[in-house]
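A.B. asks: Show me how the following folds:
(one chain, ligands or ions: 1)
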Amino acid sequence: MTIKTPPSLNIPGFGVDPLTQRIKEKEKKWKYKVAVLSGKGGVGKSTVAVNLATALAKLGYFVGVLDADVHGPNVAKMFGVEKAEILAEKVNDHFEMIPPVVDFMGQVTPIKVMSMGMMVPEDQPIIWRGALVTKALKQLLGDVKWGELDFMIIDFPPGTGDQILTVTQTLKLDAAIVVTTPQEVALLDTGKAVNMMKQMEVPYIAVIENMSYLICPHCGNKIDLFGEGGGEKLAKKENVDFLGKIPIDPKAREASDLGIPIVLYDDTPAAKAFMEITQRLVEKLEEMKKEQ
Ligand SMILES: Nc1ncnc2c1ncn2[C@@H]1O[C@H](COP(=O)(O)OP(=O)(O)OP(=O)(O)O)[C@@H](O)[C@H]1O
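C.D. replies: Here you go, the predicted model:
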């Protein structure tokens, strides 16, 4: 039996599905695509994504935030838009959702956000298998009227799973910010996340250490609750940038429950740390763009 050469699959209009095609078109309008991830849950990844986006808005940038944590979406609540009504518009042969614009106490911001958290009641789990999650994620990218953005921030689920692979293979990320806490267990998992981003050839990878220390409200001394300097050591070992440390700030938890990012509380140590880290990130990305 002779095996025939397969026919060429290079047929115009075929090969790439229309949704992926729409994502490719949309991403041309986003200057920087930045993913926020962590090897381990609960280290403050969403807190970092939300505050990074708000700090960028404070610096005058237009920002989109995609909550890619389909199974545990918290971003909408942290921005206070979990009850926002999602409108849709017909565009040619499909519908596109209009992302809600974040406002803080009536003050409109240049932040648009999309999250599964806006589409399901707060107490309902999303019990979907991989293929459905992948489709939902792609729709949150390609079937949303994001428009022109300076930054698209993507809050990934914890770990190194399927959903991260899907987005990283679909979009050409400019940067991956890996969030860790200083403990050994968190650092082991963070190393895996850093290596995944290296394998996916993301051009800029950096570590942020969250919950680094606590300032005693009574004596003002710095207390290293979870050890010291782990994030910086990991960044050195993996040969990636270290963007900085964010202290434990009781106001951060309070603020995120109220839907107000801590970075808006100007006088807090966490707000100052977020602003400095964001400025450092912008400088790095601008430098990289110039070199290209
Ligand atoms: N620097 C900080 N100071 C005080 N509380 C913080 C800080 N960072 C995060 N938190 C709080 O820790 C909790 C977990 O944070 P967050 O939801 O951002 O973590 P996560 O890594 O995204 O979690 P998940 O595993 O669900 O994705 C939240 O209540 C948040 O307000």
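A.B. asks: near the ligand, which residues of the stretch 101-250 of the chain?
C.D. replies: Neighbours of the ligand within the stretch 101-250 of the chain, by C-beta under 6 Å from any ligand atom: 158, 210-211, 246, 248-249. (C-beta placed from N, C-alpha, C; glycine too.)
A.B. asks: Sitting in strands, which of these do you find?
C.D. replies: 210-211, 246, 248 (DSSP state E).
A.B. asks: Can you lay out these as JSON lines showing pLDDT and neighbour count?
C.D. replies: JSON lines is the format used below for these (pLDDT from 0 to 100; neighbours: other C-beta atoms under 10 Å):
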{"residue": "210", "pLDDT": "94", "neighbour count": "26"}
{"residue": "211", "pLDDT": "91", "neighbour count": "24"}
{"residue": "246", "pLDDT": "94", "neighbour count": "29"}
{"residue": "248", "pLDDT": "89", "neighbour count": "19"}
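A.B. asks: Which strands and helices lie in contact with the helix or strand of the chain with the lowest mean pLDDT?
C.D. replies: For the chain, using mean pLDDT, DSSP states H and E, the weakest element among its helices and strands is helix 250-258, scoring a mean of 77. Here helix 250-258 touches helix 45-58, helix 75-78, going by 3 or more C-beta pairs under 8 Å, 6 or more residues apart in numbering; DSSP states H and E.
A.B. asks: do the first one and the ligand meet at all?
C.D. replies: Right, the one you point to is helix 45-58. Yes: Helix 45-58 reaches the ligand (C-beta under 6 Å from any ligand atom) through 45-47.
A.B. asks: Name the surrounding residues that touch that helix.
C.D. replies: Around helix 45-58, the neighbours that count as contacts under C-beta atoms under 8 Å, 6 or more residues apart in numbering are 34, 36-38, 63, 65, 67, 69, 74-75, 78-79, 109-111, 150-151, 153-156, 158, 177, 179, 208, 210, 246, 252, 256, 261-264, 270, 274-275, 277-278, 281-282.
A.B. asks: One more pass at 6 Å, please.
C.D. replies: 36, 38, 63, 65, 74-75, 78, 109-111, 151, 153, 155, 179, 208, 261, 263, 274-275, 278 (C-beta atoms under 6 Å, 6 or more residues apart in numbering).
A.B. asks: for the last one, same thing?
C.D. replies: Under the criterion C-beta under 6 Å, 6+ apart, residues 46, 50, 67, 82, 115, 117-118, 155, 256 lie in contact with helix 75-78.
A.B. asks: switch to 7 Å and redo it
C.D. replies: 46, 49-50, 65, 67, 82, 113, 115, 117-118, 155, 256, 259, 261 (C-beta atoms under 7 Å, 6 or more residues apart in numbering).
A.B. asks: Next secondary structure after it?
C.D. replies: Next along the chain after helix 75-78, taking DSSP states H and E as the criterion, comes strand 87-91.
A.B. asks: Output the contacting helices and strands for that next one.
C.D. replies: Strand 87-91 sits against strand 94-98, with contacts defined as 3 or more C-beta pairs under 7 Å, 6 or more residues apart in numbering; DSSP states H and E.
A.B. asks: by how many degrees do the strand it packs on and strand 87-91 diverge?
C.D. replies: Counting by axes from the mean of the first three to the mean of the last three C-alpha atoms, to 10 degrees, strand 94-98 lies at 140 degrees to strand 87-91.
A.B. asks: name the helices or strands packed onto strand 94-98?
C.D. replies: Using 3+ C-beta pairs under 7 Å, 6+ apart, strand 94-98 is in contact with strand 87-91.
A.B. asks: Pull up the pairing partners for the strand it packs on, direction included.
C.D. replies: Partners of strand 87-91 in the sheet, by DSSP bridges, are strand 94-98 (antiparallel).
A.B. asks: what does stretch 248-268 contact?
C.D. replies: So stretch 248-268 is contacted by 47, 50-51, 54-55, 58, 77-80, 104, 211, 213-214, 225, 269-271, 274-275 (C-beta under 7 Å, 6+ apart).
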